[in-house]
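Novice: Sequence plus predicted model, see below.
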Amino acid sequence: MMHSAASRYDLERFGMVFRASPRQSDVMIVAGTLTNKMAPALRKVYDQMPEPRWVVSMGSCANGGGYYHYSYAVVRGCDRIVPVDIYVPGCPPTAEALLYGMLQLSKKVKSNKALLLKLRK
């Protein structure tokens, strides 16, 4: 994620700015292995986000458990806890893959006409 915020890829030129608080965020990027102990905290952060909200699952650990898939303490994909809109593959995913995923999410949001009309009001 840090590479995508640096000058070469710079997500800010597409209007995407990282925020520290979930109450100020529209998109949550889930990265890394999700354990059973951390799953309720992920859901709590998701519930704190204002509507409309989107989730990007970044990397094979977040997508399906990754290297620790068969561990008893690992959730096999964050989509079991929160609804995921975009999956970014890779271990670790490249900055280009994350940028592509974010642009796909942007297209998905722009193509939802009902949502755009609701946001304009």
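Specialist: Ah, there it is. Numbers count the residues shown, from 1 in each chain.

Novice: what's near enough to touch Gly65?
Specialist: Gly65 makes contacts with 33-34, 71, 74-77, as judged by Cβ atoms under 8 Å, 6 or more residues apart in numbering. For every residue, glycine as well, the C-beta is placed using N, CA and C.

Novice: Now for the residues you listed, which sits with the most neighbours around it?
Specialist: Leu34 (25 neighbours; other Cβ atoms under 10 Å).

Novice: Going along the chain, name the strands of this structure.
Specialist: Ranges of strands in the chain, per DSSP state E, are 27-31, 54-58, 86-88.

Novice: what about the last one, distance to the chain center?
Specialist: When you say that, I think you mean strand 86-88. Centroid separation for strand 86-88 versus its chain: 7 Å, with Cα atoms, centre = their mean, to the nearest Å.

Novice: same deal with the first one?
Specialist: Offset of strand 27-31 from its chain centre (Cα atoms, centre = their mean): 3 Å.

Novice: Okay, now the sheet partners of it, with direction.
Specialist: Sheet pairing here is set by DSSP bridges, and for strand 27-31 it gives strand 54-58 (parallel).

Novice: What are the contacting residues of the strand it pairs with?
Specialist: 1, 26-31, 46, 63, 77-79, 82-88, 93, 98, 101-102, 105, 108-109.

Novice: and if you look at stretch 78-95?
Specialist: Contacts for stretch 78-95 (Cβ under 8 Å, 6+ apart): 3-4, 6, 8-9, 28, 30, 34, 39, 42-43, 46, 54-63, 66-67, 75, 97-98, 100-102, 104-105, 108.
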